[in-house]
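**Q** Provide a 3D model corresponding to the input given below.
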Amino acid sequence: MRYRVLGALRRSRRAAQRLRALVRQVQHPSDVLLALEAIRLQRQTSAWLARPLPLVMRAITPPAAPCLPLPELERRTRLIDATVQLFRVVPLGFCLRRSLVRYVLLRRAGLPVEIVFGARPEDTGSGSLIGHAWLEFDGAPWMEAPEHLDGYTAMYRYPEPGSRELHTRRAARRRTAN
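**A** Residues are numbered from 1 along each chain as shown. Here you go, the predicted model:
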């Protein structure tokens with residue numbers, strides 16, 4: 001019983017820390033709406049992944065939008081990450097939920113990111129694979145530490161290479177530089 005209480009206290013403390021981190025990211029009233037939308041999208045991720053991935057990605061990809069300035073996109077990414085952190089104990093891996101929510105919300109903000117799903121062998125030598133998901137913009141990871149991608153091989157990316165949508169990247173890069 002005592003260990004359960006201590007465990008609950010630790011979890012509560014960590015949840016409070018994650019909530020404080022989210023509050024620190026809120027700078028404008030519109031940030032609250034963005035955080036609520038991130039929560040709504042995150043709650044849908046399990047249902048999305050009950051369907052084939054290409055169908056899901058086509059369904060959740062928003063139409064192209066004018067691109068916001070790069071500092072604003074980075075700020076929004078930090079807010080999305082802090083929001084997704086609140087619910088670390090829900091099913092599916094954190095990186096998968098974070099990448100799906102980031103993908104939808106950053107594309108709505110005009111940044112033509114790609115979502116990448118990869119895998120690498122588990123270090124134990126058991127032959128098992130470990131999956132990871134991340135975003136890329138212009139061929140480079142978007143706000144992801146490069147060491148988090150060590151050893152991963154991209155298995156699927158969306159939009160798929162050669163798709164018409166990827167040809168708009170140069171124009172988006174010019175807009176984000178402003």
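
**Q** so where's the protein shaky on pLDDT?
**A** Scanning the chain for pLDDT under 70 picks out the ranges 1-11, 88-91, 163-178.

**Q** Tell me where it has helices.
**A** Ranges of helices within the chain are 2-25, 29-48, 53-60, 70-85, 94-108, 169-176, based on DSSP state H.

**Q** quick one, which of these is packed in tightest?
**A** Greatest average neighbour count among those goes to helix 94-108 (a mean of 22), per mean count of other CB atoms under 10 Å. For the C-beta atoms, the positions are set from N, CA and C on the backbone; glycine is no exception.

**Q** Distance from the chain centre to stretch 151-160, please.
**A** Centroid displacement of stretch 151-160 relative to its chain, using CA atoms, centre = their mean, to the nearest Å, is 14 Å.

**Q** Only alpha carbons, please: show that stretch as CSV.
**A** What follows is stretch 151-160, C-alpha atoms only, in CSV (Å, rounded to 0.1, in the frame of the first residue of the first chain):
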residue,chain,number,x,y,z
GLY,A,151,20.3,3.9,-36.3
TYR,A,152,16.7,4.4,-37.6
THR,A,153,15.8,3.6,-41.1
ALA,A,154,12.9,5.4,-42.7
MET,A,155,10.2,2.8,-43.5
TYR,A,156,7.4,5.2,-44.6
ARG,A,157,7.1,8.9,-45.2
TYR,A,158,4.2,11.1,-46.0
PRO,A,159,3.7,12.9,-48.3
GLU,A,160,5.4,10.2,-50.3
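
**Q** For that stretch, buried residues please.
**A** Under the neighbour-count criterion of 16 or more other CB atoms under 10 Å, stretch 151-160 has 152, 157, 158, 159 buried.

**Q** With respect to residue 15, which of these is nearest?
**A** residue 152 (29.3 Å; CB to CB).

**Q** what pairs with the residue lying closest to that closest one once chain neighbours are set aside across the strands?
**A** Among residues not flanking residue 152 along the chain, residue 118 sits closest, at 3.8 Å (CB to CB, 6 or more residues apart in numbering). In this entry, residue 118 is beta-bridged to residue 132, residue 154, by DSSP bridges.
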